[in-house]
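what would the 3D arrangement of this be:
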Amino acid sequence: MSSQTATPAPASGGRKDPRGRLRRLGEWCARHFVVVIVAWLIALAALQVLNRSFGGEYSDNFSLPGVQSQQGLDVLKKHDPAAGGYGSQIVLRDSAKPLTSVSTQMSQTVTDLQKLPHVLSVQNPLPPPGSQPSGKQTVGPLSSDAKTGYITVRFDVQPSTLGDDYLHGVDDSVKPLRAAGVQVEYGGPLGELARPAADDRISELIGFAVAIVVLLVGFGSVLAAGIPLLTALISVIGGLACLGLLAAAFTFATVSPTLATMIGLGVGIDYALFLITRHRQNLMDGADPVRAAGRAAATSGRAVLVSGCTVIVALAGLFVSGVGFIGKLGVAAAVTVVSAVVGALTLVPALLGLIGRRIDRYRVRRPVAEAGADDTDSHTDTDAGSDGHGTWHRYAQRVERRPWWFLTGGIVVVLVLAIPVLSIQLGHIGDGADPTSFTDRRAYDIMAQSFGPGSNGPLTVVIDQTKVPADQRSALASKASKALTDVPGAATVTPLTATKDGDVLVGTVYSKAAPQSGTTTDLTNRLVDDTLPDAVSGTAAHGYATGTTAAQVDFRDIVASRLPLIIAVVVALAFLIILAVFRGLLVALKAAVLNVLSIAASYGVVVAVFQWGWGGPALGVNGKVPIESYVPMMMFAIIFGLSMDYEIFLLSRVHEAWLRTGDARASVAHALEITARVITCAALIMVSVFAAFVVSDNVVVKMLGLGLAVSVLIDATVVRLLLVPAVMTLLGARAWWTPRWLDRILPRVDAEGGADD
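I've put the predicted structure just below:
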């Protein structure tokens, strides 16, 4: 098998070089800046009007067809529709008097609740008139002192999807109890409906404020700092409007717009920054503003296009999970990535054309471009082996002299940070982690105090005995009851009762621990895998564990089983993209391996903060919580895609110098010198945007924000400034080796190169 060195690809088949098209697009937008800016504003206004008129709502209403919890729910719905709906609790407490003293108001509330749309049944917690509480209640619906109780309401749809207006009817129904001095809180899905609307404006403002400071300090020019922020904001607003229109046809999770905003702002600022720094360098090299914008679009703009496609491909890989909920989260993020790419390739050149040579008129320090050494006014592209005097040049020379030191140090840092990932516990973050200002958190605390932590996540046991002969059903019920006695991890198991048609046995199992606890997860799996199969063995019956908690466990198990496949697919796709772009087998392998290491390190930080509790309370999280089951999958796809921004930006400079000089080691130092400032500033901006979302009230958003911020920080510092240059220096010319047969079948994708002049 022969090898080849990297050489510029010849023009093929008379096709026009895409860089020429990008250059012409950039020059046209810069020359006709008024047309482009007005077109963007009109499109933005039109999208806002359409979204307000026809946009859809975001909802967490999704199911997992085929899983055992859904099968059990379907059986229950078929044989007892009132019991098979979606349950939610209205939690009641009166510290001054027993709830039996407000029986009239309780009856009125129950009656009014039953009249609401979508309500299947309402359970009154009080004993029938003339009877007294047994005083032995351990799981409700009335406590032993009768001062705490809960009304169970079952709906034919998920209550959290009914909209804010529906809550007004619930509030009206419980007015008699509140007027009597009873504390009323909404738990479960009804409590989620009552949560205050998410407001991420504070996070966005914090991220923008930090980004302004970083841009001003890093690049010195007020106008140059403003363009990335302005274009990113406009692109995100347009992308969110498009997402709203998509939500009218497809169901997107409530976290979708927050996730899309987070990703859109980060990549939007980065992409604009890459173009502006190249544009400013072109101006310093003597090009006029229109020509400089065209060259920036043909070079850095092409890198932006490749990077954006890589992010979108990584996000599309989430559909491999087979869970539509997760795949659509990827779509939501991809929408704003697309708008960010379009904004960078059209709106940024237009604004650069509008500003012209005035880009550095308002400055807070001496402006620098992408090649700016710390103590020079300008710096033109030089040969790879040229001398320089800046800090980054001296740092690049150190990496070149001692690559093993930097490689070892970087690997040690990454591995230490990744240690906590070995104990990762996937699960669902329950209401107990929410702020106490949320009604569902207060309901959760009352239930846990009065009826035990397991009362917040009961497991419904369903035994379908439709095919069991009538003369064998009594023996089956006895055997099942015995099997459910003293189940490890269960605090209480209610007696099995038959539905009205006698075809289904139903009972409730309460865990000793909270719903999000590993104990409850183990209990659910024990019921499904061992207890219920033993209970129905030798018969034609089937047993299921259903309910919200069981569905969450099924979801967690599916995600955990699919995560390795997601990782394999995304890594393979990114490997192929890097291979096609840079024609280097070892370069592509290095990119895949180092990105996996950096993601493992970010996982470790998230586990330490949230699961181990090392800082969770400081972020407003109550106690230790598991890692939300889909967060690692989302983080992997997003981080792997975003890391390609810096990978392509740095490697394109290395590749460019390598093609020009043939000196592999010096090319690495040269590329590091001219890109380190841009990569560092871009990373600090993206870190600030992501980290600002830790102030959100949504714990999952906090988790994603921190995880993405840490991952970008690790990727842009430890990986991009330590590991990548060290590995590239050690590999030398071998980094760009590709077998001839593979080179012939790979598509030609040029990330960057000289503009077509």
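
how about the contacts made by residue 713?
683, 687 (C-beta atoms under 8 Å, 6 or more residues apart in numbering). The C-beta positions use only the backbone N, C-alpha and C, and glycine is treated the same way.

do the one 5 residues further on as well
Counting by C-beta under 8 Å, 6+ apart, residue 718 touches 410, 413, 414, 598, 601.

between those, which has the most around it?
Per-residue neighbour counts (other C-beta atoms under 10 Å) across these peak at residue 598, which has 29 neighbours.

tell me what the one helix or strand that residue maps to is packed against?
Using DSSP states H and E, residue 598 sits in helix 585-606. Using 3 or more C-beta pairs under 8 Å, 6 or more residues apart in numbering; DSSP states H and E, the elements in contact with helix 585-606 are helix 403-418, helix 548-582, helix 631-661, helix 699-714, helix 724-731.

could you list the residues in contact with whatever helix or strand comes next after that helix?
Per DSSP H and E, helix 585-606 leads on to strand 627-628 as the next helix or strand towards the C-terminus. With C-beta under 8 Å, 6+ apart as the test, strand 627-628 has contacts from 424-429, 606-607, 610-611, 699-700, 703.

how distant is strand 627-628 from the center of its chain?
11 Å (C-alpha atoms, centre = their mean, to the nearest Å).

what of stretch 228-236?
A distance of 21 Å separates the centroid of the chain from that of stretch 228-236, by C-alpha atoms, centre = their mean.

nearest to residue 648, of the contacts of strand 627-628?
Ranked by distance to residue 648 (C-beta to C-beta), the contacts of strand 627-628 are led by residue 606 at 25.8 Å.

show me the contacts for that closest one.
Shown in contact with residue 606 (C-beta under 8 Å, 6+ apart): 627, 631, 635, 703, 706, 707, 710.

try residue 562
320, 321, 322, 323, 633.

pLDDT and distance to residue 309 added to those, as JSON lines?
Shown next, in JSON lines, are the contacts of residue 562 (pLDDT from 0 to 100; distance: C-beta to C-beta, whole Å):
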{"residue": "320", "pLDDT": "84", "distance to residue 309": "18"}
{"residue": "321", "pLDDT": "81", "distance to residue 309": "21"}
{"residue": "322", "pLDDT": "81", "distance to residue 309": "24"}
{"residue": "323", "pLDDT": "83", "distance to residue 309": "24"}
{"residue": "633", "pLDDT": "87", "distance to residue 309": "21"}
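
just the ones of those in helices?
residue 633 (DSSP state H).

what subset of the contacts of residue 562 is buried?
Buried members of those, scored by 16 or more other C-beta atoms under 10 Å, are 320, 321, 323, 633.

what is the nearest of those to residue 532?
Distance to residue 532, by C-beta to C-beta, is smallest for residue 323 among the buried ones among the contacts of residue 562, at 24.4 Å.

for the closest one, which non-adjacent residue is spatially closest?
residue 558 (6.3 Å; C-beta to C-beta, 6 or more residues apart in numbering).

may I ask which helix or strand of the protein has the lowest mean pLDDT?
helix 201-219 (a mean of 75; mean pLDDT, DSSP states H and E).

name the helices or strands packed onto that one?
Helix 201-219 makes packing contacts with helix 222-247, helix 256-284, helix 664-691 when contacts are defined by 3+ C-beta pairs under 8 Å, 6+ apart.

let's have these in TSV, adding mean neighbour count, distance to residue 116 and mean pLDDT.
Below are the helices and strands packed on helix 201-219 laid out as TSV (neighbours: other C-beta atoms under 10 Å; distance: least, C-beta to C-beta, whole Å; pLDDT from 0 to 100):
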stretch	mean neighbour count	distance to residue 116	mean pLDDT
helix 222-247	22	26	91
helix 256-284	27	28	87
helix 664-691	25	41	82
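
out of those, which comes closest to residue 533?
helix 256-284 (38.2 Å).

the following helix or strand past the closest one packs against which elements?
Using DSSP H and E, the next helix or strand after helix 256-284 towards the C-terminus is helix 289-298. The contact analysis (3+ C-beta pairs under 8 Å, 6+ apart) places helix 289-298 against helix 18-31, helix 256-284, helix 348-355.

among those helices, which is nearest residue 640?
Nearest of the helices and strands packed on helix 289-298 to residue 640, taken as C-beta to C-beta: helix 256-284 at 12.8 Å.

next, the angle from the closest one to helix 18-31.
Helix 256-284 runs at 90 degrees relative to helix 18-31, counting by axes from the mean of the first three to the mean of the last three C-alpha atoms, to 10 degrees.

now the nearest residue to residue 250 once chain neighbours are set aside, what's its secondary structure?
Spatial nearest neighbour of residue 250, excluding adjacent residues (C-beta to C-beta, 6+ apart): residue 328 at 6.4 Å. At residue 328 the chain is in helix, as set by DSSP: H, G, I helix; E, B strand; the rest coil.

list the beta-bridge partners for residue 508.
Taking DSSP bridges as the rule, residue 508 bridges to residue 460.

and it, how close does it get to residue 654?
In this view, residue 508 and residue 654 are 63 Å apart by C-beta to C-beta, to the nearest Å.

more neighbours: which of those two?
Under the neighbour definition other C-beta under 10 Å, residue 508 and residue 654 were set side by side, and residue 654 has more, 26 against 17.

so who does the more buried one touch?
By C-beta under 8 Å, 6+ apart, the neighbours of residue 654 are 667, 668, 670, 671, 728.

against residue 647, how distant is it?
The gap separating residue 654 from residue 647 is 11 Å, by C-beta to C-beta.

likewise for residue 47?
From residue 47 across to residue 647, the span is 32 Å (C-beta to C-beta).

more neighbours, these two?
With neighbours defined as other C-beta under 10 Å, residue 47 and residue 647 compare such that residue 647 has more, 27 against 20.

grab the nearest non-local neighbour of the more buried one.
Take residue 647 and drop its neighbours on the chain: the residue closest to it by C-beta to C-beta, 6+ apart is residue 591, 5.4 Å away.

got it, and residue 689?
Closest residue in space to residue 689, ignoring its immediate chain neighbours: residue 207 at 3.8 Å, by C-beta to C-beta, 6+ apart.

and for the one you found, the neighbour number?
The tally of other residues near residue 207 (other C-beta under 10 Å) stands at 29.

need the pLDDT of the nearest residue to residue 289 once chain neighbours are set aside.
What sits nearest to residue 289 in space, not counting adjacent residues and going by C-beta to C-beta, 6+ apart, is residue 356, at 4.5 Å. With respect to pLDDT, residue 356 has a value of 88.

okay, buried residues for stretch 204-218 please.
Buried positions in stretch 204-218, judged by neighbour count with 16+ other C-beta under 10 Å: 204, 206, 207, 208, 210, 211, 212, 214, 215, 216, 218.

so, low pLDDT: which residues of the stretch 351-500 of the chain?
For the stretch 351-500 of the chain, the stretches with pLDDT under 70 are 364-390.

let me see the ranges of the helices in it.
391-401, 403-418, 439-451, 473-483 (DSSP state H, counting those that start in this stretch).

among the ones you listed, which is the most enclosed?
Burial of the helices of the stretch 351-500 of the chain is given as mean neighbour count (mean count of other C-beta atoms under 10 Å); helix 439-451 ranks first at a mean of 23.

which other residues reach that helix?
If you take C-beta under 8 Å, 6+ apart as the criterion, helix 439-451 is touched by 89, 91, 93, 138-140, 143, 148, 150, 183, 185-188, 190-192, 194-195, 430-432, 434-436, 455-456, 510, 514, 622.

next one: stretch 20-31
For stretch 20-31, contacts defined as C-beta under 8 Å, 6+ apart pick out 36, 289-291, 293-298, 301-302, 305, 345-347, 349-350, 352-353, 755-756.

all set, thanks.
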